[in-house]
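Enquirer: Take this sequence and fold it.
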Amino acid sequence: MFLLSRPSEQKIGRLLDSQRELPFTYEAAGEWSPPQRRYSIDHNRIRLGEGQPTFLRSIAAISRWEMFNISWLRLCWPDAAIEAGSTVGVLAHHFGFWSLHACRIARVIDEDRRFGFTYGTLPEHAERGQERFLIEWRISDDSVWYDILAYSRPNHLLARLGYPITRMLQKRFARDSMRAMQHSASR
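Expert: Okay, here's the model as predicted:
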C-alpha cells in the first residue's frame, strides 16, 4: 500500500487485521524453497562476533525485531511474537511518500546453534516472496553470523514500474538491517 502521508495507528491496525487470514502471495509458501524463475534472490551475511554471549544477545535482538531498528522503517508492531502466524507490517518512508507492507511469519527456526524465522508477503505488500532472518553460531570457528536470505518479485504496479528503485531499497534494507544487528549484538 502506497500513501502520501503517514497512516494512523488505526489504519495500520485495520490493514493488518484484514491480512491475518489471507494466503501468502508466492509459490511454495511455508518452507524455504526459492523458486527458480522470475524472482530476484538476495543473500546478505555479516559476522556479529563469536561465542555464546554474542549468540544469546543476537537471539534476543532477533526476538525484539532489532533488525528493523532503522531510521526510515517502522515495524508494526515490534511486540509481535516470533511464532508462525504472527502478522506484522513494515512501514517505510522514502522519496517523500509512505508504503506499508504486510507479512506473516511462516516458519520459526529454533535449533541449538541457529535461531530465526522466515516471513512471507501477504496481498498488501508491494512485493511477493519470502525473507529469512537467521542467527548462526558456527562450531568450526565459534563465529556468530546474521544472515538474510530473500527472494522477491514485484506484486504492485508501482513496484513493477519502479523496479530499479525497489531493488535499491531492498539492498539498502539489507545493509541497514545488518548494521542494526551488529549494533544490537555488541551491547
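Enquirer: Surely Arg104 is in a helix?
Expert: No. With the criterion set as DSSP: H, G, I helix; E, B strand; the rest coil, the secondary structure at Arg104 is strand rather than a helix.
Enquirer: Quick check: it touching Gly120?
Expert: Yes. Counting by CB atoms under 8 Å, Gly120 is a contact partner of Arg104 at 6.1 Å. C-betas here are computed from N, CA, C, even on glycine.
Enquirer: hey, what's in contact with both of the two?
Expert: Between them, Arg104 and Gly120 share these contacting residues under CB atoms under 8 Å, 6 or more residues apart in numbering: Phe24.
Enquirer: Just the mean pLDDT for stretch 44-61, thanks.
Expert: Predicted confidence along stretch 44-61 averages 97 (mean pLDDT).
Enquirer: count of residues packed around the residue nearest to Leu91 when sequence neighbours are not counted?
Expert: The spatial neighbour of Leu91 that comes closest, neighbours along the chain excluded (CB to CB, 6 or more residues apart in numbering), is Arg74 at 4.4 Å. Other residues within reach of Arg74 by the criterion other CB atoms under 10 Å amount to 19.
Enquirer: Phi and psi next, for Arg74.
Expert: Note on Arg74: backbone dihedrals following degrees, to the nearest 10 are phi -140, psi 130.
Enquirer: Contacts only, for it.
Expert: By CB under 8 Å, 6+ apart, Arg74 lies in contact with 68, 90-92.
Enquirer: swap in Ser184?
Expert: Listed by CB under 8 Å, 6+ apart, the contact partners of Ser184 are 57-58, 60-61, 64, 66, 69.
Enquirer: Name the nearest of these relative to Asp147.
Expert: Using CB to CB, Ser58 is the member of those that lies nearest Asp147, at 10.8 Å.
Enquirer: what secondary structure does that closest one sit in?
Expert: Criterion first, three-state DSSP; result for Ser58: helix.
Enquirer: quick one: it and Arg153, what's the gap?
Expert: With the distance defined as CB to CB, to the nearest Å, Ser58 ends up 30 Å from Arg153.
Enquirer: quick one: which of these two has more around it?
Expert: Set side by side, Ser58 and Arg153 give different neighbour counts by other CB under 10 Å, the larger being at Ser58 (27 against 19).
Enquirer: contacting residues around that one?
Expert: When contacts are counted by CB under 8 Å, 6+ apart, Ser58 touches 48, 115, 135, 144, 146, 181, 184-185.
Enquirer: rerun that using 10 Å as the cut-off
Expert: For Ser58, the contacting residues are 48-49, 66, 115-116, 134-137, 144-146, 181-182, 184-186, by CB atoms under 10 Å, 6 or more residues apart in numbering.
Enquirer: now swap in Phe97 and tell me
Expert: Neighbour list for Phe97: 2-6, 158 [criterion: CB under 10 Å, 6+ apart].
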